[in-house]
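In: please work out how this folds:
(one chain, ligands or ions: 1)
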Amino acid sequence: MKLESHKEYKTISGPSFFSFIKHFQLHPVFQLQRIMKDYNYDDIVRCSSFLYLINSPDIARLILNRDQKKFNQDDFVGKRTKTVFGKGLVTSQGEMWRNERKLLNPIFNSHGVHSFMKETICEIDKVIDRWDSFAKNKVVFDWVDEMGSLAIMVTGKVLFDCNFESNVKEIKEVVNGGTSYIVNGLPFFIPYWIPTFSHLKLRKINKRIDTIFNPIIDERLKKLNDRNDLSGALTSMLKKSNNSKQKRRLVLDEMKTMLSGAYFPVASCLSMIWYILGKNPEYITKLNVEIRNTPKGYIFTEHFYKDFPFTTSVVYESMRLFPVAFSIWRKSKVSQEIDMYKIPKGKTVCISLFNIHRNPKFWKDPEIFDPSRFQGENLNNRPKHHFMPFGWGNRKCIGDYYALMVVFLTLIRVFKKFDIDIIPNQKLIIKKAPLISPKKVYGKVSLVGE
Ligand code: HEM
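Out: Residues are numbered from 1 along each chain as shown. So this is what the prediction gives:
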């Protein structure tokens with residue numbers, strides 16, 4: 001598209017490179033929020049000459065939906081992400097992306113995901129049953145670590161039909177190592193073939209992940225496709241190619257992508273919910289009432305969420321306040337106009353979901369945790385795209401149903417079994433990662449009725 005040179009565009013202001021990096025000691029999520037505030041909640045802020053920060057849900061929706069073809073993922077975050085996840089769905093583009101998404105959509109649609117509800121509950125119970133001894137001995141434990149183990153166990157069973165119990169520690173290490181590569185060293189990108197210290201470290205991590213998945217692939221190749229899960233879909237694609245080296249690499253990359261997606265954001269989301277409940281304990285009592293009121297023998301169906309409206313409002317409000325995948329990155333393929341703003345070719349665009357969810361132009365008292373925003377009329381009167389924790393448009397998160405199922409079922413199983421006591425007023429320290437993930441959240445449990 002050619003832009004008319006005489007046309008009046010809306011002004012985009014923003015900090016110079018040096019004032020942009022001034023707040024570098026902050027976690028990027030808070031750094032970007034600071035910039036939004038400094039520039040009066042403008043829809044778009046230009047940071048130095050290379051980064052366009054998006055704070056408006058209306059502009060975000062245009063970029064991710066109407067104008068998505070004019071952007072790609074070749075920005076500096078996208079390149080680092082690709083180095084970690086290879087050809088997996090999160091970074092693949094064009095025809096390859098379409099084929100991968102088509103293959104995986106049936107596994108991750110509502111029906112596909114909820115067909116594994118029983119197994120999900122079973123894995124959650126395995127992890128929280130270990131808390132019986134914590135309850136008995138009044139142990140204060142780290143909920144972030146437990147949520148990590150829980151998310152990995154569920155992922156193993158549901159997506160790969162495996163028991164990951166003996167791999168939990170290693171998976172935490174490799175996924176944390178891989179994802180921290182994405183944020184370390186930004187905004188620069190050095191090609192992967194150059195053997196820098198961080199690249200050598202990442203190569204080791206990638207090898208260790210392949211060592212976990214290669215035997216799983218071999219095992220599934222021997223079986224008939226009897227289970228309609230992620231491993232099954234990927235290995236049947238591999239069979240069709242006669243186990244070609246190229247396709248095997250794709251399958252390994254996809255497995256790594258999905259393991260990371262199903263572990264890290266889900267564990268972070270749950271950890272943030274526990275942290276928020278520690279700060280707002282009055283909601284714990286209300287959750288107890290709703291969850292414990294479910295009749296004995298309650299049967300979970302795909303639509304169980306409607307029977308837990310208060311829990312739903314707490315989960316959504318937590319995801320508004322802390323959208324764990326806090327930013328979406330794109331590169332502008334052409335010079336273009338969006339809502340009268342000019343975005344030149346080659347510029348990186350960062351859609352901050354955190355800023356969008358905390359922008360006072362769209363949310364009243366945005367810093368306050370208030371689940372009533374997601375109840376009754378409040379919910380119906382707000383445009384849907386003001387809340388986009390899973391992104392928007394055709395590259396919206398494929399794991400949204402899966403993530404919500406694990407989060408809801410975890411809350412339900414924990415509240416049914418335990419009275420929880422999260423230590424109040426803990427300082428929130430966030431890991432250096434592309435997600436909002438607290439380092440530690442401490443709390444105790446006691447068995448209900450004891
Ligand atoms: C609370 C949990 C989660 C949150 C908040 C979340 C958030 C997001 C967001 C915002 C995007 C859009 C990125 C973009 O447009 O560039 C995304 C994409 C993606 N997510 Fe998630 N995610 C979660 C869980 C999961 C799970 C459980 C999986 C897999 C099992 C997963 C796999 C993916 C993949 C593969 C993509 C790329 C999709 C594509 O480009 O077609 N995510 N996620």
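In: residue boundaries of the helices in the stretch 351-450 of the chain?
Out: Secondary structure of the stretch 351-450 of the chain (DSSP state H, counting those that start in this stretch): helices at 353-357, 376-380, 400-417.
In: nearest to the ligand, of those helices?
Out: helix 400-417 (3.6 Å; CB to the nearest ligand atom). Yep, even glycine has a C-beta here, placed from its N, CA and C like the rest.
In: who are the packing partners of the closest one?
Out: Under the contact criterion of 3 or more CB pairs under 8 Å, 6 or more residues apart in numbering; DSSP states H and E, helix 400-417 touches helix 110-114, helix 117-129, helix 143-160, helix 245-279, helix 282-292, helix 309-321.
In: what residues does the protein have near the ligand?
Out: Applying CB under 6 Å from any ligand atom, we find that the chain lies next to the ligand at 89-90, 101, 257-258, 261-262, 265-266, 269, 324-325, 328, 389-391, 395, 397-399, 402-403.
In: may I see the PyMOL selection of the buried members of the residues you listed?
Out: Selecting the buried subset of those in PyMOL, with 16 or more other CB atoms under 10 Å as the burial test, is done by:
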select buried, resi 89+90+257+258+261+262+265+266+269+324+325+328+389+390+391+395+397+398+399+402+403
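In: residues near residue 200, how many?
Out: 9 (other CB atoms under 10 Å).
In: residue 341 now?
Out: Residue 341 has 20 nearby residues by other CB under 10 Å.
In: pull the contacting residues for the closest residue to residue 375 other than its chain neighbours.
Out: The shortest distance from residue 375 to any residue other than its chain neighbours is 5.0 Å, reached at residue 313 (CB to CB, 6 or more residues apart in numbering). Applying CB atoms under 8 Å, 6 or more residues apart in numbering to residue 313 gives the contacts 371-375.
In: only whichever of those are buried, select them in PyMOL.
Out: The buried subset of these, as determined by 16+ other CB under 10 Å, is captured in PyMOL by this line:
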select buried, resi 371+373+374+375
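In: which residues does the residue of the chain found nearest the ligand contact?
Out: Nearest residue of the chain to the ligand (CB to the nearest ligand atom) works out as residue 399 at 2.2 Å. With CB under 8 Å, 6+ apart as the criterion, the residues that contact residue 399 are 108, 258, 261-262, 265.
In: return the distance of it relative to residue 112.
Out: Residue 399 sits at a distance of 11 Å from residue 112 (criterion: CB to CB, to the nearest Å).
In: tell me the phi and psi of residue 47?
Out: phi -100, psi 120 (degrees, to the nearest 10).
In: show me what it is bridged to.
Out: residue 51 (DSSP bridges).
In: same thing with residue 141?
Out: Beta-bridge pairing for residue 141 (DSSP bridges): residue 443.
In: what's the local residue count around it?
Out: Using other CB under 10 Å, residue 141 has 16 other residues around it.
In: now do the one 4 residues further on
Out: Residue 145 sits with 15 neighbouring residues when counted by other CB under 10 Å.
In: before we move on, the earlier item: tabulate the contacts of residue 313 (JSON lines), appending distance to residue 15 and pLDDT.
Out: Shown next, in JSON lines, are the contacts of residue 313 (distance: CB to CB, whole Å; pLDDT from 0 to 100):
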{"residue": "371", "distance to residue 15": "35", "pLDDT": "98"}
{"residue": "372", "distance to residue 15": "36", "pLDDT": "97"}
{"residue": "373", "distance to residue 15": "31", "pLDDT": "97"}
{"residue": "374", "distance to residue 15": "34", "pLDDT": "97"}
{"residue": "375", "distance to residue 15": "38", "pLDDT": "96"}
